[in-house]
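In: can you look at this prediction? I've put the sequence above it.
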Amino acid sequence: MDQLESLFQPTQVSNREETRIAYSRDASRIQGECRAVVWPETVTDIVRLAQWAAETGVDLVPRGAGTGLCGGSTPQNSVVVDSARLRHIDVLNLQLKHVVVEAGVPLDQLNLNLRSSGLFLPVIPGSHRSATIGGMIATNAAGLHAVRYGRMSDWVEEVVVVDGKGEIQRLSVGDRNAFAGREGITGMIVQATLRLTEIPKSRSLTLFSFEHLADMLEQVKQLKTNSALSALEYLNPHAAGLVGWTARHCVLAEYYSGEGEIRDPAEMVNLWGARESLSARLTQAGFPISEDPQFPPEALEDNLDWLMVQNIPVFGHLGVGILHPRFLREDARIAELYYRVSASGGQISGEHGMGLKKRHWASEALKAEVLALKRQFDPQHIFNRGKLC
Amino acid sequence: MLIDLTENPDCTECGLCREACPVFQIQRQEEYSPRGRVMLDCAGLQTLVFYQCTLCRTCRIVCPIGHDPNGETLRSELINAGIETSANQTMIINIRLYGNPFGPLADGELPKVLTCC
């Protein structure tokens, strides 16, 4: 630790008890152990830190806002590298619709700063208030508007990463496989050039509710053909009841046009507020474990029906097949869910990542990919050891 | 007027409060965020970090379940345990001796001119 402290200003490193406790877990609440925290302010700070870690063998855990749900930034006797002071929004190119930002910029802050330009970054995960750009890239976030805008990797033009050799890598779209969704195992994302799009001129919502799953899925199929569709969120009857909606299969459809039934801005804010409060409400209601399977369209009915029969509350981004069923702690049905996802050709992790929570479920193909990436970018395994697989 | 604290659900540690917290905006360290303080309290720590909360309750406004940070309770527990900062002690002595937190005043001097933003 003395050596680590000598590398930085006193305000940039801490191993006080308060610090170690506050960084010992993320929103997954998977308990870890933090040795110390470093708050880099420049890319050279991270280079120095990576070189120190390579010499000492200490594991470095990159951390954004700590809103991840799989323990991706939970330390395991590691030094946490917090991007909270990497907050510059550097260059906005209106012609190219590009912006250059540091990794610790929170999404809402970025979009607030961009508002006067008429542009925004449209990937909006539920944690948008705090989620950082670096964390969103590392988890390849999808979120509320994925049905229209896809994932974070679709909006990244270039990233600057400090890898496990302490080298600064400038990776472009062609190398997205090396950083997007890699949960910090290839290095620490320092800066990104992001693509932006125009802020929609109008919005409206319709809240559908259905007695039968099959009717709902038929409606969803039709809605997805609408070019104005910008969000398609699902709540099953158990989840809908918790936010005061009719306890049926509910679908919240957002349009970038006036064709929705609800156009009053205050009413739309209320509906989105209810939807966005759902995750915390379900935790409070005794369902703290959030899963994120992604099912192919043909497997949705069977699996949504199974979740209903099991009395499991579910919400999610139905437009892209990502669901968030909520479970009790140590719920044996989680393993059953994973088997069902694999059998249907889906993904165990649709958008939260694998982290510590799901690493034992990583496929052989993923393990092989990770090994190859580690060899290339982090041969001494100093970044986020033991995560992803 | 204090916000009604009768319903105060447990913090879920989602971290959505961080950016709303004026102290976190300055410190940029998790232990000073509302979530961080909850974690310190859960770990049974009595720490001067609790004095850093401004009691503004902005975190409660943005919290998806309306969790209250209970800043007053955390502080009063510190006082009961005799954990104070020298600034606190000086302030209390000044109030008791001089009727204001700033100390002795010259004749006719006002302790502070309060202005409204």
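Out: Yep, that arrived.
In: and the stretch 1-150 of chain A, which residues reach chain B?
Out: When proximity is defined as C-beta under 8 Å from any C-beta of the partner chain, the stretch 1-150 of chain A approaches chain B at A:14, A:16-19, A:21-27, A:29, A:37, A:39, A:65-67, A:82, A:84-85, A:106, A:108-109, A:127, A:129-130. (Glycine included, C-beta is placed from N, CA and C.)
In: equivalent analysis for the stretch 151-300 of chain A, please.
Out: A:276-277, A:279-281, A:283-284, A:288.
In: who wins for most neighbours among those?
Out: Counting neighbours by other C-beta atoms under 10 Å in any protein chain shown, A:S279 comes out on top of these with 25 neighbours.
In: which of the helices or strands spans the spatially closest residue to A:A192 that is not a sequence neighbour?
Out: Of all residues not flanking A:A192 in the chain, A:V159 sits nearest, at 4.7 Å (C-beta to C-beta, 6 or more residues apart in numbering or on different chains). Using DSSP states H and E, A:V159 sits within strand A:156-163.
In: what's in contact with that strand?
Out: Residues from elsewhere that reach strand A:156-163 (C-beta atoms under 8 Å, 6 or more residues apart in numbering or on different chains): A:43, A:46-47, A:50, A:98, A:137, A:168-173, A:176, A:178-180, A:186-195, A:377-378, A:383.
In: quick one, what contacts the most centrally placed residue in chain A?
Out: Chain A has A:A141 as the residue nearest its centroid, 3.9 Å off, counting by C-alpha atoms, centre = their mean. A:A141 is in contact with A:123, A:125, A:131, A:135, A:151-152, A:351, counting by C-beta under 8 Å, 6+ apart.
In: check for me that A:L112 belongs to a helix.
Out: Yes. Assessed with DSSP: H, G, I helix; E, B strand; the rest coil, A:L112 lies in a helix.
In: what about it, how many neighbours?
Out: Neighbours of A:L112 (other C-beta under 10 Å): 11.
In: and the helices in the chain, which stretches?
Out: I went with chain A, as the question did not name one. A:2-7, A:17-22, A:43-56, A:107-114, A:133-139, A:146-149, A:213-223, A:237-242, A:265-284, A:300-309, A:333-343, A:364-377 (DSSP state H).
In: actually, chain B is the one I wanted.
Out: So, for chain B - with DSSP H - the helices run B:22-27, B:34-42, B:58-62, B:71-80, B:86-98.
In: follow-up on the earlier one: so what angle separates the directions of the strand holding A:V159 and helix A:43-56?
Out: 40 degrees (axes from the mean of the first three to the mean of the last three C-alpha atoms, to 10 degrees).
In: contacts only, for A:Q219.
Out: Residues in contact with A:Q219 (C-beta under 8 Å, 6+ apart) are A:208, A:210, A:251.
In: go again using 10 Å as the cut-off
Out: Contact analysis of A:Q219 by C-beta atoms under 10 Å, 6 or more residues apart in numbering or on different chains lists A:208, A:210, A:249, A:251, A:253.
In: what does B:C59 give?
Out: Contacts of B:C59 by C-beta under 10 Å, 6+ apart are B:11, B:16-24, B:33-35, B:37-38, B:53, B:66-69, B:71.
In: mind doing that once more with 8 Å?
Out: With C-beta under 8 Å, 6+ apart, B:C59 has these contacts: B:17, B:20-21, B:34, B:67, B:69.
In: the residues you listed also near chain A: which ones?
Out: B:17, B:20.
In: which one of the contacts of B:C59 is nearest to A:F327?
Out: Closest approach to A:F327 among the contacts of B:C59 (C-beta to C-beta): B:H67, at 21.9 Å.
In: wouldn't that closest one be in contact with B:P9 here?
Out: Yes. Proximity of B:H67 to B:P9 meets the contact threshold set by C-beta atoms under 8 Å, at 5.7 Å.
In: these two: which is more packed in?
Out: Neighbour count, other C-beta under 10 Å: between B:H67 and B:P9, B:H67 has more, with 23 against 15.
In: so who does the more buried one touch?
Out: By C-beta under 8 Å, 6+ apart, the residues touching B:H67 are B:8-12, B:38, B:59-60.
In: check A:D108 too.
Out: Contacts of A:D108 by C-beta under 8 Å, 6+ apart are A:128-130, B:19.
In: likewise for A:G241?
Out: Neighbours of A:G241 in contact, by C-beta under 8 Å, 6+ apart: A:A247.
In: any idea how far it is from A:R281?
Out: Counting by C-beta to C-beta, to the nearest Å, the gap from A:G241 to A:R281 is 11 Å.
In: ok, B:L16 next?
Out: To A:R281, B:L16 is 13 Å away according to C-beta to C-beta.
In: which residues do those two both contact?
Out: Joint contacts of B:L16 and A:R281 (C-beta under 8 Å, 6+ apart) are B:P64.
In: the closest residue to A:R176 other than its chain neighbours and chain B, how far apart?
Out: The shortest distance from A:R176 to any non-neighbouring residue, by C-beta to C-beta, 6+ apart, is to A:S153 (5.0 Å). In this view, A:S153 and chain B are 23 Å apart by C-beta to the nearest C-beta, to the nearest Å.
In: thought A:S153 was touching A:G181?
Out: Yes. Taking contacts as C-beta under 8 Å, A:S153 lies within contact range of A:G181: 6.9 Å.
In: find residues that contact each of those two.
Out: Both A:S153 and A:G181 are in contact with A:N140, where contact means C-beta under 8 Å, 6+ apart.
In: tell me what A:H249 is bridged to.
Out: A:F210 (DSSP bridges).
In: next: A:P62.
Out: When assigned by DSSP bridges, A:P62 has beta-bridge partners A:V81.
In: by neighbour count, which of the contacts of A:A141 wins?
Out: Highest count within these by other C-beta under 10 Å belongs to A:G135, 32 neighbours.
In: now that one: closest residue in space, sequence neighbours ignored.
Out: Sequence neighbours aside, A:G64 is the residue nearest to A:G135 in space, at 2.9 Å (criterion: C-beta to C-beta, 6+ apart).
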